[in-house]
Structure formats: C-alpha cells, structure tokens
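K.L.:
Any chance you can model this:
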Amino acid sequence: MIAGILKEKNGETRVSLTPEVVKQLQQMSVTVLVEQDAGAKAFYNDDAYVEAGAVITSQSEILSRADIIFTLQPPATDQLSALKGKILIGVFQPLYHINEVEQWATSKLTTFSLDAVPRTTRAQSMDVLSSQASIAGYKAVLLAAYTYSRYFPMLMTAAGSIAPAKILILGAGVAGLQAIATARRLGAVVEVFDTRPAVKEEVMSLGAKFVEVAGAADASQAGGYAVEQSENYKQLQQQRIAESIIKADIVITTAQIPGKPAPILVPTEMIEKMRAGSVIIDLAAGTGGNTSLTRNNETVSFKGVTIIGDSNLPASMPADASKLYAKNVFNFLKLILNKEGNLHLNFEDDIVKGACITHDGQIVNERIKSMLQPA
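P.N.:
Numbers count the residues shown, from 1 in each chain. A predicted model of the protein is given here:
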C-alpha cells in the first residue's frame, strides 16, 4: 500500500499526517510519499518526514502512485482525472459541497470525510470536529483578549480597581466549553447559552453561569450541533440573549447546523446596543455566521464593536492542530487497513460507512443521498 500526503493550498497551514504517524504507518508496511514542504507551515520539515521513513516527492508523483491520498481540503477539479479509482481522506464538509460530491462519484473516487464520522463513544479517537473545535475555542478567547481594549481579570491597583471582563458564549459544545475554561483562567466572568439543558452541569463545573431558555427542541441526536428550534423558542432565546449581550464585553459564538446556514443569534439591533470597544468572535463564520454582520475571514467594525469571523482558527495553531488531526486520521486508518497495511474496507462498520461519501462511482452517504432526492 502506498499513501500520499499533499501540500495544502488556499492558506491552510495544517498537514494531514505528522512524522510521528508516518513512522507508525511504516511499521505497518505502508509506503508514504510526502509532497515537498507539505508540513513546513505546521513546522514539520521534510527532514523529519525522511527520518520517519517517508519519501519526499512531487504532487504529480503522488497523484500517480499513491493508493490512499491525504488532504484536508476537497480535491481540485483539475485533479479529478488523476485521482480516478483512488481513496481520498480529509475534512471535505460534503453537506456544503453537494455539486462537488457528485463530481467525485462520477470520477470514481472513494472519499472518506472525517467530519462525517459518527460522533459516538467508539469514534471519539477519530473525532476531528472535537479535536479541532477545542483549539478553536481556546484560540477564540486569546484572539478576543488581544483585540479587546481592556483587561480580562479584575485588578486592584493603587490607581483604582478594574472590573473583570464579561464574556457571553453562545453554544457549549467542545469549542464553547474550551472557551469557557480559557476565559475563566484569564479571570473573566462568563455567561453561557445553549439549547441543550444537558450541558448545564458541565458549564457550571467550569465556573460559568448557564442561562436557560425553556422549550428547546431535543438535540441529543445532532452530534454536538445545534438543531432547528420552534419560532416561539427563538423569540424567547433572542429576548434572553438581548438581555445578556448589553452587559457583555466579549461575545463568542459557536452554533452551527449541519448542511444549513448557521442560525442568526445576534442580529444588528443587538450589536447596536453593545458598548464601544466590545468584541465578537464568530466561529460559525464559514457557514454564514451567528451574527448578521459576520464576514468569513474578515474583521468588521460596526459602531465601535469589532466582529471577527474566523471559521479556521485551528490553522492558527498548526503544529498541535496537525498533531491531533493526524492521530484522528491514524485511528481511522486502523479500521480500513489490516495489520499488514493492506486495504480492507468493511462497510459493515458504522464508522467506516458513516465517513464514506462516495465509492465505486456512487454517492453512498445516506445524508447526502437524502439531500439529493427531489422534494
């Protein structure tokens, strides 16, 4: 078996596999080809890959020789003919790239998108969404602290007292929980909204206040994501958020719904009531954002409020983000490779089946197929 690691494009700084994992694959008799400088932006140089047993080569050589190819981003259209019959593993967000998925099937690619791995106890070691969201939540608070014009902790000085920053976090998934922990370590006062009452205990254990809104729809089967709520609930939610946001110095938003635009939780009229110097970090920017003014990969200033849209904060910590991602990938590989390093696609395994998007010229993922069916 020959595996290939491609160099990422479009500003992505992470790399699919680190030298540590390459070494483990070598021990399974897997030959690993690495595109030159594939890990450079994540601070894994070519020498480290060579020392681990990999071969540094060109992209064209990898596309020609490799059986399995690793790339975080979806394949480019001009690569599809060279990828025919090969296996691609990455984080392709297929629910938002339906047209591309159809092209992958037509090109007879077997694609595994690790963001589609079922979020079950057994799959935790392969859960790239959680490993990367934890980094995003941590970095969101640091970005807010850097941008905010005041202190986070309460300070008692000879010149007077400084009140602690008040942070409002919308969504208590993995990113939200890490944001709570980081903000509390920096001394901020934290309030948290989430549609799932089950997370209240976790929120409070981290030292934050949980703001409840009665009547939320059941989100237990949504894999850690938000779900569509009733209009009555949305009105109550908006009312409670509006009450909290007036007092907040920092707002961090994390709510997303798979395959749909992110819910608008902070409309313009709420932002208008925030005090000058406040900061919003929107982690849902890639799917439209949780505020009405969010622009992905942009910083917007509105009446003294800074709104930062960044859907790829893990790429700002590429060394550790790549390390965690590579371990997720390796744990998944152990399900589709035998001990001798040969391919064994067991579609009876719920994790393998759930992560597979296209295979043998067909779209095989049930969620994608249902979206393609006529209404």
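K.L.:
Can you show me the strands along the stretch 1-150 of the chain?
P.N.:
2-5, 31-35, 55-57, 68-70, 87-90, 110-113 (DSSP state E, counting those that start in this stretch).
K.L.:
Please name the strands paired to the first one in the sheet, noting orientation.
P.N.:
So that's strand 2-5. When pairs are called by DSSP bridges, strand 2-5 turns out to pair with strand 31-35 (parallel), strand 68-70 (parallel).
K.L.:
and the spatially most distant residue from the centre of the chain, backbone torsions?
P.N.:
Going by C-alpha atoms, centre = their mean, the residue of the chain most distant from its centre is residue 158, 43.9 Å out. In terms of degrees, to the nearest 10, the main-chain angles of residue 158 are phi -60, psi -20.
K.L.:
Please convert the strands paired with strand 2-5 to a markdown table, extending it with distance to residue 3, mean neighbour count and mean pLDDT.
P.N.:
The way it works is simple: take the backbone N, C-alpha and C, and place the C-beta from them, glycine included. Output for these, formatted as a markdown table (distance: least, C-beta to C-beta, whole Å; neighbours: other C-beta atoms under 10 Å; pLDDT from 0 to 100):
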| stretch | distance to residue 3 | mean neighbour count | mean pLDDT |
| --- | --- | --- | --- |
| strand 31-35 | 5 | 24 | 98 |
| strand 68-70 | 5 | 24 | 98 |
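K.L.:
Listing request: residues of the stretch 251-375 of the chain with sub-threshold pLDDT.
P.N.:
Residues of the stretch 251-375 of the chain that meet the criterion pLDDT under 70 lie in 374-375.
K.L.:
try it again with 80
P.N.:
Scanning the stretch 251-375 of the chain for pLDDT under 80 picks out 373-375.
K.L.:
that older thread, please identify which of the strands paired with strand 2-5 is closest to residue 109.
P.N.:
strand 68-70 (9.4 Å; C-beta to C-beta).
K.L.:
Now do the helices in the stretch 201-350 of the chain.
P.N.:
Secondary structure of the stretch 201-350 of the chain (DSSP state H, counting those that start in this stretch): helices at 231-245, 268-271, 318-336, 350-355.
K.L.:
Highest mean neighbour count out of those helices?
P.N.:
Most buried of the helices of the stretch 201-350 of the chain by mean neighbour count (mean count of other C-beta atoms under 10 Å) is helix 318-336; its value is a mean of 21.
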